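Colleague: No letters, just coordinates:
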């Protein structure tokens, strides 16, 4: 097809280099491969920085260490020096194979943190941008896009009476949902941590991939998953907010004033009205990480007929009764805990990393449960308050749901 | 609420600085505001680069120019020098106010292209990452998130017989779609350019915002919009592909071999089966940019009973008859054009920039239409083959649809 071949070639040529057409769309960049997974399991990182005096790599695929640089001491999860090579390209190859996992990393070019511009996979964690490396295999196989039926992921708005404005949720409906119009599904509500939003579990959390893969393997029941936004003062993730752009922050107001938890039934009602759910406790689960674990705990205790499964992932657990609590949601913790367990929930699941700064709070919580002989399942992993653990906890939690 | 205040503070503190908890999730970064829109309409950009010898800004808010640097000559759309200030923070303020528009930009730190790490708004255009600045106002008001009812945006998979595997589309359903279960809607199909995918119009194109705002203003009819993936050899956008990650490229195979266009009815059928559409020509539109304009043209001509509205945005127009065409889709162009216009389509819309490298191809196409007195609407804008123009064309095209 002569004519079209010429057009295709012209288009490719026109965009092959950003210098060719200053007034055309900017494409191109350097044809550098980074990160490059090598056959022996090591990974090579490359950065084009012809004028730089130093290029560092920092990322969680490297051992944790302190890095001395001309610009100060960097205490980061792993730092390595790249070596300057031909044509201004700096390079670093890991000395050993990199284990299967989803990693995030940055370069530091002359003291300036930078993304890997040759890697289009970028994560945002609150206000921090990082490049992403996925080494599939073992657990990380669940985080990869596989040739399996894929669910639908929607960004949807609901009217929040509690907030007084529309708010955004992300909704995963499993493969087959649209083709089986009479089938109804259980629902898991998955809550983010402080500074996060309704996108967090779908980006760093790889929740859609985990659900697709576990369901395809027959390990998890086909289910709807709802990813809420726990920042009741906001409509949505920062770039989806009509209130004007503000830099994402850990210091949002009203994240733990109880209104989000108190108003949670309005979300459940919306989901039950808009999706083919099985609208009863036996087919509802909730879980959350950090602040989302705190939210999940208080929602479960205050609405003990709503969820049969509760998962606390590195939860910011508050279990002290406080008579002066501003919101009734947080009052009478011990009494609510007793009434919650009287109703025999199917699963109360706790996961925590052994170096998590919330480890002791979780130890205390388990001691409280033990002393009253309340049944729960506990998983302890290595490491701290990190997404690696939260992906593991979600992967362990989902197969336990809705089996009866 | 004492306990929760302490927890909230502890969480904020723990994540306030990435050096505090090397084994905790990485948050933090520098508390630098960039870009900063100043009261007088200028914009200030800031970059933390303590060890750098030179920091440049390049972006389409600056006049096009050639930049001489120690690392070579950069022929880019605008370059400015940042000035090193206190604490390693480099800064540049535009000399004049920046007009309303959605801009993309990069820093160049000692010759290394970098994102603005203090700006979480990142665009991917094929393989190129840029930071984004939106200055609302005038036309760009349509690209902003406003306090109006928002449609739902879904990522959905359909079985493609033509491709032999599942493929991904993005679907916009207008606000109110879910609340009016008996109402049916017209559909516009919106096609991307070479190297793009089903995400492109929703990111750089701001299509969901444009639709939300035009519909809320009563300027466009409530409609469903479908964003296809025109790369028939691929399942989905690069990071959503089970075929393994490959760097996004302009040189994908089979983008113009006719199979995508030939198989387009399978997408229309899927949409008509899965959404409450008005499944007839009078309520269907198609449009596309660059390669997507080429696709839109050939789909319209080969299926003249399918679309009543066709929009070609900076289209890679091929209108030469070719008896040796590999695919019948491209044969008998003039005959198909005649039969297409015999059926009196409501709108044949062409938009092109006056410095677009495809400008002459569009001049020739219009000459051909003129010579046969085929009716069409034409819009010429300044500038080249760029997203600014494609957002304008979409904003002009949508209000013309489905008014009868």
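Modeller: Perfect, thanks for sending it. Because the structure is a prediction, the values reported are computed rather than measured.

Colleague: so who does the closest residue to residue A:259 other than its chain neighbours touch?
Modeller: Spatially, and ignoring its direct neighbours in sequence, residue A:259 is nearest to residue A:232 (4.9 Å; C-beta to C-beta, 6 or more residues apart in numbering or on different chains). From N, CA and C alone the C-beta is placed, and that goes for glycine too. Counting by C-beta atoms under 8 Å, 6 or more residues apart in numbering or on different chains, residue A:232 touches A:160, A:162-163, A:254-255, A:257, A:259-260, A:263.

Colleague: All the helices of the stretch 1-150 of chain A, in order from the start?
Modeller: With DSSP state H, counting those that start in this stretch, the ranges of helices along the stretch 1-150 of chain A come out as A:2-16.

Colleague: now it, which segments are flagged as low pLDDT?
Modeller: A:1-30, A:65-77 (pLDDT under 70).

Colleague: hmm, try it at 80
Modeller: For the stretch 1-150 of chain A, the stretches with pLDDT under 80 are A:1-31, A:64-78.

Colleague: Okay, strands next: where are they in it?
Modeller: A:36-37, A:43-48, A:55-59, A:65-69, A:72-76, A:79-81, A:83-84, A:89-93, A:101-109, A:112-114, A:122-125, A:128-135 (DSSP state E, counting those that start in this stretch).

Colleague: Dump the ones you listed to TSV, plus distance to chain B and mean neighbour count.
Modeller: Output for the strands of the stretch 1-150 of chain A, formatted as TSV (distance: least, C-beta to the nearest C-beta, whole Å; neighbours: other C-beta atoms under 10 Å in any protein chain shown):
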stretch	distance to chain B	mean neighbour count
strand A:36-37	9	16
strand A:43-48	6	22
strand A:55-59	8	24
strand A:65-69	8	13
strand A:72-76	4	16
strand A:79-81	10	18
strand A:83-84	12	14
strand A:89-93	9	19
strand A:101-109	5	24
strand A:112-114	4	25
strand A:122-125	5	20
strand A:128-135	5	22
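
Colleague: Of all these, which one is nearest residue B:214?
Modeller: Of all the strands of the stretch 1-150 of chain A, it is strand A:122-125 that lies closest to residue B:214, at 28.3 Å by C-beta to C-beta.

Colleague: Checking the residue lying closest to residue A:236 once chain neighbours are set aside next. Helix, strand or coil?
Modeller: Closest residue in space to residue A:236, ignoring its immediate chain neighbours: residue A:168 at 3.6 Å, by C-beta to C-beta, 6+ apart. Following DSSP: H, G, I helix; E, B strand; the rest coil, the label given to residue A:168 is strand.

Colleague: ok, back up a step: reformat the strands of the stretch 1-150 of chain A as TSV; add distance to residue B:300.
Modeller: Output for the strands of the stretch 1-150 of chain A, formatted as TSV (distance: least, C-beta to C-beta, whole Å):
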stretch	distance to residue B:300
strand A:36-37	43
strand A:43-48	43
strand A:55-59	48
strand A:65-69	58
strand A:72-76	55
strand A:79-81	54
strand A:83-84	53
strand A:89-93	46
strand A:101-109	43
strand A:112-114	45
strand A:122-125	36
strand A:128-135	39
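
Colleague: on that earlier part again, in strands, which of the contacts of residue A:232 appear?
Modeller: residue A:160 (DSSP state E).

Colleague: State the distance spanning the first to the last residue of stretch A:378-386.
Modeller: End-to-end span of stretch A:378-386 (C-alpha to C-alpha, to the nearest Å): 17 Å.

Colleague: for stretch A:97-104, that is, sorry about that
Modeller: In stretch A:97-104, first residue to last residue: 16 Å (C-alpha to C-alpha).

Colleague: what does stretch A:207-226 give?
Modeller: Start-to-end, stretch A:207-226 (C-alpha to C-alpha) is 10 Å.

Colleague: now check that stretch, is it near chain B?
Modeller: No: using C-beta under 8 Å from any C-beta of the partner chain, stretch A:207-226 never reaches chain B; the gap is at least 8.6 Å.
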